[in-house]
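Novice: need a structure here:
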Amino acid sequence: MQEARTTGAGGTGVLRVGELRLVEAARPLTDTWQHITVEPRHTTLLGISFRPPHIAALGLDAHATLQTLLAYPMQLIRLGAYWDRIEPEPGVFGTDELDWQIDAAERAGVRIILCVGPLKVFSYPEFFVPAHHLRQPFPEHTRIKPSAYRSLIAAATDFIARIVERYKHRQAIVAWQLEHEAVDPLGIEHSWRLDADFVAEELAALKAADASRPIVMNGFLPTSLLVQVMQRWRTRDQGDSLAVTERMANIVGIDYYPRQALITLGRKTLYLDGSTSRWQESRRKRLCAWTSTQGQQLMITEGQAEPWETVTTPPNPAGRQMFSCLPEHIITNYNTGMRWSQQGCTLYAYLFWGAEYWVLRKQHGDPSYLQAFARILEGSQ
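Specialist: This next block holds a predicted model:
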């Protein structure tokens, strides 16, 4: 029988039933993040992902935002080659946006993982194929096989080759990322999925373009029973992205999101909270064992550090913070990853997801997200 109880938190109640939480989403500001012990990182590289599409959605200036973030003493940043931004129309191949991002990271002495896509890159909507390469949307409830999309796979592998050729001389780039959660559907937005054979052809093209650097691929680690069951059902025919990543990548990336909003009910929101769930443990331990025996590395490609609410762009309430990711969660989520390392599951890197949101919060009078990140960088040494 599931436990149900109500507790006080910031003056408002939290109804808990198993992994479900019904709570008022916007919480009062607190200084809790200042009093949490920060686990040491040891050899793990710390950094962020940088998402120009998300910056545009937040109404921020991309150059200023990146300069603000690179002022923090991180070791690693993940950048993306967004196909539709680089090749917006036939015959156009413009890399100015990516050029200045790489230049800025190099000047700051920060290493780079470059996601070459090509179809799926991190940042909503996670699909950036130029319209002239895909005239009709993919059919729902299908696996996208290379045999059915020969012109698309040819264009995709050509894009990979051109991006790698342009940047492979950059010493700051330490790894390439291929696709983002390569064979998974995107939530409820679409049910089509890339076939593993499609990704395998892209992988061959990437290795041919540069065999000297490791290849990162990533997948979503379910932290709750409900998400685990749904993911297993939706990807049952070829496995999910983590399963494919284990077979193909040099560096296996985990996307780790303990708290996710499900539905808003008036002033309250129903959340899944897997931060203390045991469902993630068995999969994570299998990943650790597999990567160790196969000579692969393991990293957190996305450690939740931004709210996951019921809207695409996270809310920015004045004087309040969102329950799905409070500033203290940036630290506790990071600490969880570092404890994996202490249990024999050494992480190559930990990338915080949500840095652009931190800058937005500071501009609106709440610097605590950035300050929590700074505490980690300082306290983890």
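
Novice: Tell me where the stretch 101-250 of the chain has strands.
Specialist: Secondary structure of the stretch 101-250 of the chain by DSSP state E, counting those that start in this stretch: the strands cover 111-117, 143-144, 173-178, 193-194, 215-220.

Novice: what's the closest of those strands to residue 351?
Specialist: Nearest to residue 351, of all those, is strand 111-117, at 8.0 Å by C-beta to C-beta. (Glycine included, C-beta is placed from N, CA and C.)

Novice: how much does that closest one deviate in direction from strand 215-220?
Specialist: Per axes from the mean of the first three to the mean of the last three C-alpha atoms, to 10 degrees, the angle that strand 111-117 makes with strand 215-220 is 70 degrees.

Novice: From the chain's centroid, how far away is strand 111-117?
Specialist: 13 Å (C-alpha atoms, centre = their mean, to the nearest Å).

Novice: Could you list the paired strands of it along with their orientation?
Specialist: Sheet pairing here is set by DSSP bridges, and for strand 111-117 it gives strand 76-80 (parallel), strand 173-178 (parallel).

Novice: Please name whichever of these is nearest to residue 264.
Specialist: Across those, residue 264 has its closest neighbour in strand 76-80 (29.8 Å, C-beta to C-beta).

Novice: I'd like the next helix or strand past the closest one.
Specialist: Once the chain leaves strand 76-80, the next helix or strand it forms, by DSSP states H and E, is helix 83-86.

Novice: From the chain's centroid, how far away is that following helix?
Specialist: The chain centroid and the centroid of helix 83-86 are separated by 19 Å under C-alpha atoms, centre = their mean.

Novice: Now do it, average pLDDT.
Specialist: For helix 83-86, the mean pLDDT works out to 98.

Novice: what does stretch 350-366 give?
Specialist: Average pLDDT, stretch 350-366: 98.

Novice: what residue ranges in the stretch 1-150 of the chain are flagged as low confidence?
Specialist: Along the stretch 1-150 of the chain, segments meeting pLDDT under 70 span 1-12.

Novice: Among the strands of the stretch 101-250 of the chain, single out whichever gets nearest to residue 305.
Specialist: Residue 305 sits nearest to strand 215-220 of all the strands of the stretch 101-250 of the chain, at 15.8 Å, using C-beta to C-beta.

Novice: And the contacts of that closest one?
Specialist: With C-beta atoms under 8 Å, 6 or more residues apart in numbering as the contact definition, strand 215-220 has outside contacts at 113, 115, 175-182, 184, 203, 206-207, 231, 240-245, 248-255, 257, 299, 301-302.

Novice: Counting only helices, which of the residues you listed make the cut?
Specialist: 203, 206-207, 231, 241-245, 248 (DSSP state H).

Novice: Go through those residues and name the one nearest residue 267.
Specialist: For the ones in helices among the contacts of strand 215-220, the nearest to residue 267 is residue 231 (30.1 Å; C-beta to C-beta).

Novice: What residues sit buried inside stretch 78-97?
Specialist: Across stretch 78-97, burial judged by 16 or more other C-beta atoms under 10 Å covers 78-87, 95.

Novice: Can I get it in PDB? Just the C-alpha atoms.
Specialist: Listed next in PDB are the C-alpha coordinates belonging to stretch 78-97 (Å, rounded to 0.1, in the frame of the first residue of the first chain):
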ATOM      1  CA  ARG A  78      28.900  21.000 -24.700                       C
ATOM      2  CA  LEU A  79      28.000  22.900 -27.900                       C
ATOM      3  CA  GLY A  80      25.600  21.900 -30.700                       C
ATOM      4  CA  ALA A  81      25.800  22.100 -34.500                       C
ATOM      5  CA  TYR A  82      22.100  22.800 -35.300                       C
ATOM      6  CA  TRP A  83      21.600  21.700 -38.900                       C
ATOM      7  CA  ASP A  84      18.700  24.000 -39.700                       C
ATOM      8  CA  ARG A  85      20.600  27.000 -38.400                       C
ATOM      9  CA  ILE A  86      23.700  26.200 -40.300                       C
ATOM     10  CA  GLU A  87      22.000  25.200 -43.500                       C
ATOM     11  CA  PRO A  88      18.700  27.100 -43.500                       C
ATOM     12  CA  GLU A  89      18.200  26.800 -47.300                       C
ATOM     13  CA  PRO A  90      19.800  24.900 -50.200                       C
ATOM     14  CA  GLY A  91      23.400  25.900 -51.000                       C
ATOM     15  CA  VAL A  92      23.900  27.800 -47.700                       C
ATOM     16  CA  PHE A  93      26.400  26.500 -45.100                       C
ATOM     17  CA  GLY A  94      27.000  29.200 -42.400                       C
ATOM     18  CA  THR A  95      28.900  28.300 -39.300                       C
ATOM     19  CA  ASP A  96      29.400  31.800 -37.900                       C
ATOM     20  CA  GLU A  97      27.200  31.100 -34.800                       C
END
